[in-house]
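Participant: Have a look at this prediction, sequence included:
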Amino acid sequence: MTNLIEMSHISKAFGGSRALHAVSLDLKAGTVHALMGENGAGKSTLMKILAGVHRPDSGEIFMNGEKLDLKSPRDALDAGISTVFQEHSLLPNLSIAENMFLGREPMTRLGSIDYRAMNRQSAKALGELGLTLEPTQLVSNLTIAERQFVEIAHCIQADASVLILDEPTAALNAADVDVLNRNIRRLRDKGKAIVYISHRMEEIFELCDTVTVLKDGALVGTRMVSEITTDELIAMMVGRELQDLFPVRMGEKGDEILRVENLKITETSRPLSLTLHRGEIVALAGLEGQGQQRFLRSLIGRYHPFAGTISINGKTLKMPLPTSAGVRRLQQLRVGFVPEDRKEEGLFLSLPVAHNIAIGLHSRRSELALARSYRSVIARMMDAMNIKAAGPSAPVGSLSGGNQQKVLLGRYLAADLDLLLVEEPTRGVDIGAKSEIYHLLRDFTRKGGAVLVLSRETIELIGLCDHIYVVHDGTIVADMPAAQATEHKILDAALMGGSMRQH
Amino acid sequence: MYRSLFTILSARNTRQGLWGLPLLVALLISLWLTVQTTEFATAENLFNLVAQAMPLIIAAIGQLVVVLIGGLDLSVGSVISFTTAVLALGQPAIVLIPSVFLLAALIGLINGLAITRFNVHPIIATLSTQYIVLGITRILRPVSGGTVPEAVIGAVSGSLLGIPYPLFWGIVVILVAWKLLYGSRYGLHLFAIGGGIASGTESAARNFGVSDRRNIILAYVICSCFAAVAGVFLAGRIVSGDPNVGLLFELDTVTAVALGGTQLSGGIGSLHGTVIGALVMALLANGMNLANVSPFVQTAIKGGILLAVVGLQSRKKMGL
C-alpha cells in the first residue's frame, strides 16, 4: 500500500532548544498509527507541524506523493488534515454547529450563513458518532467528553482523509473510550489515516496497527503493533544510558522537615501523603497532568486543593492555603519555590543578575525596610555557582539558558532556606549546566536542606534523587528508592496506574 | 412563556448576554416617568428622546463590534467631533460625505494596525488616536462654527410618511448592523475570535482557519465608520462643526454596550442589548433633565453606572 502522508526529515527548534531532529513518519490510508514517547519527546510538535500550526525548520511533507506547503491551519484543513488537539480548541460561546463549520460556513443565496443546512449536517455527523446532542447548543454547556466527541464529529464532518487525535482519551471514562474506539475503527475502515497519540498501552495494542516511538525529538523506530510486545515498546521509549552526571547520594537522612497528610487534590481524588527529611532529595514522577504539579503548587497556595494538612519544620498548616500569602508565608518558614518556567514565572529577564538573586533576600524582610545592597553575597553566589555573565549588572535575559537557571536557583540558595520545591530543575538546559545544577542541589542537602523535585525527565529523577514517588490520577501509586528505580519501572507504574502498586 | 423569559433573564445557552434585565429597567424608567411627569409621554418629548439617543445608539453599535472581539475603542468621541468639523469645511456634500468615511476608515485602520501588528494594547492605541484626532479637529475648528451642507441638515430633520428622519436612519443603521453581526460570516467570526480571547485560547479561532488579524483590523474600521455616521447625524442636528460635540462619547458608548449585557472581555453580547443599553442611557438623561438634575451630577452618575455594570458582570460567564 502506498503512503498517504510522508513526513520526511522534519526538524524544528524553539528558541535554542531542539524539539525535533530529522524525524520521518509515513501514514497509510486505512490504518491507525500510534505515536508514542515520553513527555516532551516531540509528538505534539510533530503533529502540530502536520496540522499547519508550526512550520518545520527543515524537512518536507508529501501527500499522495505531492509536496504540501502548510503555511497555516487553514492550509492543512483544506488538504484534508484535521486535528483534535490536546488542549481543547472549541469556542465555548459558539454552538456545536457553528464550531463544526467555523471558517467554512455554508451560505444562502442571500449571503447569510445557512444555519439550517449547518444544523442539519452537524446533527448528521453527531448522529454518526451515536450522539444525540442538539447542534444549536452552546459548547460551554457540554461536558469534557461531549466536547471531545464534537471535535471528532468536526473531523468527520470536514471529510478529512487524515485525522490526528492527540490524547483523545485523557479526559474520557471507560464507557466513552469504548464509543470513541468503535468510531475510530469505523473511520479506519472507511480508509482514513489516523494518528493516535496516547500514553495508555492497552489502547495502543487494542486499536493501532503501527507504532512510531520518538525520544528527545528523534525517531527511535516504527514497528507493526502485531510484531511487538509491551516490554519491547517500553524499552524503545526508554532506551538510553544513564549518563555519568549525577553526584553521589548521601546515604543517611536527618530530621523530618515536611509532612503532607491526606492531601486531596480534587474532591474525588484519593488522598496523598508523604514525608521529606533533611538531607533528602525526593521526586514526584508521572505522566503529564496527573496532579504532580498541582500537588507542588498546593504547598505554596498557588493551587487550591480540596483538603489536607502540611507541616513544615513542625508547624502545621491547613490546606488550601490562601493564594496571596502562600509564597511569602512559606518563605518565612524557610521554604523556596522554584517555578518551572523561568522566563514567565521565575526571572525578571530585563533586570540584572544581581537584582534577580537579591530579591530572594529582600523578600524575607519587611516591606518598608531599607534595601541592602548584598553585593558581597551576590558576588560569592555567582562565583560558587559558576554563573557565566558579563557581571552582576548584566541583564538575566542576556545569559544562556543554563546560566539563567542557575541564577534562579541561586536566588533561593542565597536566601538560606531549608526546603526547596523545584519544578523542572533543568528544563532547556545543556548537559554541562545540568550536571552543575545537580551538584548544587546535592550540596544544598548536604548542608541540611531538603529538596522536592518534579520533572518530566525520568532519568534525571533516578540519577538525582534519593526516593521517587510515582503519581497517577492525583495520588501516589508507587514509591521506590531511586537506587532501585529504573525508567522501565517508573513508566510502568505511571502508565498502568494503581495496578502496579508496590512498596 | 415563563421558561423563555427565564432563559432570557438568566442568559443561559446564549451568547447574547444579559439583555433582558436592561430592557426591564428601560420599561420601568419609562413607566415611572410617565406616571411622575406630564411632559414625558408627549409626542414631542419622545421624538426628542429618539433624536437624542440616535447618535449614541449608532456609535455604541460600532463600539459593540470592537468589544465583541475583546477590544475597546476610545477614539470614537474624537472621530465624531472630527466628522462634524470636516463637514463644516464649506465644500459640497458630495465631496464631504465620502471624505468623512474615508478618514474615519483610515483612523480605524491605524487603530487596528497598531493593535495587531505592533501589539499595542487597545486602550493605549485608541487613546493615542483619540488625542491625535482631537488635535487635528481643533486645528480645523478651534471653536464651534461653520455650516454643514443643506443635504445633511435636511436628512436628519423633518419626517417621511409620518416617520421622523432620525428614527428612519436609526432603523437603517440597525438593520445594516444586524446583517453584519447575524447574517454574515464576518459576524460569526467576530464572536469566535472574542470567544477565544475571553476563554484564554487566543489561537483557537486561528486553528479553525479564521484570520484573526484581518478581522480585528476590520472591526476597528467598522467602529470608526459607525462613529462617523453618528458624527454626520450630529452635524445635521447642530448645523455646524463642533470640536467638543463628541466629548465623552467613548465612555458613553462603552457604558451603553456594557449596560446592554455585553461582556467587555469579548465573545458575548448582542445588538439589541446595545440598542437597549443606549436607550436606557438616553432615558436616564431625559428623566434627569425633566427632574432638573445638574448636567455635572449626570456625568458623575453615568460613571457610577459604568462601574456598577462592569463590576456586576461575572467574568466567568463562558463556563471555562
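Facilitator: Now that the structure is in, tell me what you want to look at.

Participant: that's a strand at B:Val280, yeah?
Facilitator: No. Under DSSP: H, G, I helix; E, B strand; the rest coil, B:Val280 sits outside any strand and is assigned helix.

Participant: show me what contacts the residue nearest to the spatial centre of chain B?
Facilitator: Nearest residue to the geometric centre of chain B (C-alpha atoms, centre = their mean): B:Ala60, 1.0 Å. By C-beta atoms under 8 Å, 6 or more residues apart in numbering or on different chains, the contact set of B:Ala60 is B:252-253, B:256-257, B:260, B:274-275, B:277-278. Every residue, glycine included, has its C-beta placed from N, CA and C.

Participant: Go through these and single out the one with the most neighbours.
Facilitator: Counting neighbours by other C-beta atoms under 10 Å in any protein chain shown, B:Thr253 leads the contacts of B:Ala60 with 36 neighbours.

Participant: separation between that one and B:Ala59?
Facilitator: According to C-beta to C-beta, to the nearest Å, B:Thr253 stands 5 Å off from B:Ala59.

Participant: which residues do those two both contact?
Facilitator: B:Val76.

Participant: In helices, which of the contacts of B:Ala60 appear?
Facilitator: B:252-253, B:256-257, B:274-275, B:277-278 (DSSP state H).

Participant: Which residue does the stretch 1-150 of chain B have closest to chain A?
Facilitator: As assessed by C-beta to the nearest C-beta, chain A sits closest to B:Arg15 within the stretch 1-150 of chain B, at 4.2 Å.

Participant: Need the residue closest to the centroid of chain A.
Facilitator: Chain A, centroid-nearest residue using C-alpha atoms, centre = their mean: A:Glu288 at 4.4 Å.

Participant: tell me the phi and psi of it?
Facilitator: When quoted as degrees, to the nearest 10, the phi and psi of A:Glu288 stand at phi -60, psi 140.

Participant: near chain A, which residues of chain B?
Facilitator: B:12-15, B:179, B:183-185, B:188-189, B:191-192, B:194-196, B:198-199, B:201, B:203-210, B:267-268, B:318-320 (C-beta under 8 Å from any C-beta of the partner chain).

Participant: Just the buried residues of those residues.
Facilitator: B:14-15, B:183-185, B:188-189, B:191-192, B:194-196, B:198-199, B:201, B:204-210, B:267-268, B:318 (16 or more other C-beta atoms under 10 Å in any protein chain shown).

Participant: buried stuff in the one helix or strand A:Asp492 maps to?
Facilitator: Using DSSP states H and E, A:Asp492 maps to helix A:487-496. Neighbour counts using 16+ other C-beta under 10 Å place A:487, A:489-496 of helix A:487-496 among the buried residues.

Participant: Count the neighbours of the closest residue in space to A:Arg334 that isn't next to it in sequence for me.
Facilitator: Excluding the flanking residues, the one nearest A:Arg334 by C-beta to C-beta, 6 or more residues apart in numbering or on different chains is A:Asp418, at 4.2 Å. The local packing of A:Asp418 (other C-beta under 10 Å) involves 18 other residues.

Participant: Setting aside sequence neighbours, what's the nearest residue to residue 37?
Facilitator: This is for chain A. Nearest non-adjacent residue to A:Gly37 (C-beta to C-beta, 6+ apart): A:Leu214, at 3.9 Å.

Participant: please go with chain B instead
Facilitator: Using C-beta to C-beta, 6+ apart, the closest residue to B:Thr37 is B:Leu290 (5.2 Å).

Participant: Then A:Ile378?
Facilitator: A:Ala354 is the one closest to A:Ile378 (C-beta to C-beta, 6+ apart), at 4.8 Å.

Participant: Taking the stretch 151-300 of chain B, what residue is nearest to chain A?
Facilitator: B:Gly209 (3.3 Å).

Participant: could you pull out the strands for the stretch 101-250 of chain B?
Facilitator: Remark: strands assigned in the stretch 101-250 of chain B by DSSP state E, counting those that start in this stretch are B:159-160, B:163-164.

Participant: Please identify the deepest-packed of the ones you listed.
Facilitator: Highest mean neighbour count among those (mean count of other C-beta atoms under 10 Å in any protein chain shown): strand B:163-164, with a mean of 14.

Participant: contacting residues around it?
Facilitator: B:47, B:50-51, B:158.

Participant: Show me which residues of chain A sit near chain B.
Facilitator: Close to chain B, as judged by C-beta under 8 Å from any C-beta, chain A has residues A:51, A:53, A:72-74, A:77-78, A:83, A:85, A:87, A:89-94, A:98-99, A:102-105, A:107, A:110-113, A:137-138, A:140-141.

Participant: What about those residues, which are in helices?
Facilitator: A:73-74, A:77-78, A:98-99.

Participant: Quick one, which of the residues you listed are buried?
Facilitator: A:73-74, A:77, A:98-99.

Participant: possible to save the residues you listed as JSON lines with distance to A:Ser455?
Facilitator: Below are these laid out as JSON lines (distance: C-beta to C-beta, whole Å):
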{"residue": "A:Pro73", "distance to A:Ser455": "32"}
{"residue": "A:Arg74", "distance to A:Ser455": "37"}
{"residue": "A:Leu77", "distance to A:Ser455": "36"}
{"residue": "A:Glu98", "distance to A:Ser455": "41"}
{"residue": "A:Asn99", "distance to A:Ser455": "36"}
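
Participant: nearest to chain B, of those residues?
Facilitator: The nearest one, if we look at these relative to chain B and count by C-beta to the nearest C-beta, is A:Arg74, at 3.3 Å.

Participant: Next one, pLDDT for that closest one please.
Facilitator: The model reports A:Arg74 with a pLDDT of 83.

Participant: And the closest residue to it other than its chain neighbours, how close does it get to A:Glu105?
Facilitator: By the measure of C-beta to C-beta, 6+ apart, the closest residue to A:Arg74 outside its immediate chain neighbours is B:Gly209, 3.3 Å from it. In this view, B:Gly209 and A:Glu105 are 11 Å apart by C-beta to C-beta.

Participant: Just give me the neighbour total for A:Glu424.
Facilitator: Quick note: A:Glu424 (other C-beta under 10 Å) scores 21 neighbours.
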